[in-house]
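Engineer: everything below, folded, please.
(chains A, B and C)
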Amino acid sequence: MKKPRRMRAKLMRVYRDLARHFGPQHWWPARTPFEVMVGAILTQNTAWSNVEKAIANLRAARALAPRAIAEMDLRRLARLVRPSGYYNQKAKRLRDFIRWMLDRYGSVAAMRRAPAARLRAELLARNGIGPETADSILLYALGKRSFVIDAYTRRALARLGLARGSEPYEELRDLFERNLPRSKELYGEYHALLVVLGKDLCRKKNPSCETCPLVRHKCNPLRTQA
DNA sequence: ACCCAGGGTCATA
DNA sequence: TATGACCATGGG
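Structural biologist: Residues are numbered from 1 along each chain as shown, chains lettered A, B, ... in the order given. As a prediction, this is how the structure comes out:
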């Protein structure tokens, strides 16, 4: 980036205004770190409301636990996660990942003790776990300082004129990680606030943006899509 | 009857 | 490096 000082100041101003407007977000919406991992995989290109149904199915079946899923018949697992879409893929990816996790670390608690850099490389090496899913798990399930870039983040960045939004994943991740204080709490809140903004105010459907708390920045409705 | 949602993988040019 | 097909459900 050309002007790191300006970028840093702007990112912090945006955060301050979002936090003031929306308040604390307490993300990720899950009861346990393990549930975060499950949700992170199931929510790939899928509305969260559908993921909730799938997680409810797992819970009702007493299957919201590592060993239960690791040992489950693939057909049955696919049937349980069906509402989240791509259920054949996701059942396999989910079970493979959990089997690997148990084999490599034995438990979520043990996994949390491993260094972040190694964990990220290991997660990205799993089939079905790309950068966003990996960073979501790192930040919200494993407590590691890793910024999550998703579709909402890209939209918000474009809207703010901070980026085109179509940049490669790692480039946008670097933008935040280089210009923000190194705090996992800040990373989590910032990402959650960008999602809320994307969900409730800055939809393509609602380009007026009158009540958008970011109008004072450079909230340009015409740059929503790229 | 569309359109899309908190991606990832693989094949192709 | 960049685009396209594919995976599939449920809500607007």
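Engineer: could you use CA atoms for every contact and neighbour count after this?
Structural biologist: Noted.
Engineer: and A:Ala109, how far is that from A:Val195?
Structural biologist: Shown here: A:Ala109 relative to A:Val195, a distance of 28 Å by CA to CA, to the nearest Å.
Engineer: can you pick out the residue with more neighbours from those two?
Structural biologist: Per other CA atoms under 10 Å, whichever of A:Ala109 and A:Val195 has more neighbours is A:Val195, with 19 against 13.
Engineer: okay, the more buried one: pLDDT?
Structural biologist: The confidence metric pLDDT takes the value 92 at A:Val195.
Engineer: just the pLDDT for the residue lying farthest from the centre of chain A.
Structural biologist: When each C-alpha in chain A is compared with the mean C-alpha position (CA atoms, centre = their mean), A:Asp73 comes out farthest, at 27.9 Å. Reading off the confidence values, A:Asp73 has pLDDT 98.
Engineer: how near is it to A:Glu52?
Structural biologist: Taken as CA to CA, the span from A:Asp73 to A:Glu52 is 21 Å.
Engineer: and what of A:Arg13?
Structural biologist: When distances are taken as CA to CA, A:Arg13 and A:Glu52 turn out to be 33 Å apart.
Engineer: and the two? which has more neighbours close in?
Structural biologist: More neighbours surround A:Glu52 than the other of A:Arg13 and A:Glu52, with 19 against 14 (other CA under 10 Å).
Engineer: what's the domain layout of chain A?
Structural biologist: Structural domains of chain A, as assigned by automatic domain parsing, span the residue ranges A:4-26+A:149-223, A:33-141.
Engineer: out of these, which gets the lowest mean score?
Structural biologist: Note on the domains of chain A: lowest mean pLDDT is at domain A:4-26+A:149-223, with a mean of 82.
Engineer: A:Lys184 contacts A:Val148, correct?
Structural biologist: No: A:Lys184 is beyond contact range of A:Val148, at 10.9 Å (criterion: CA atoms under 8 Å).
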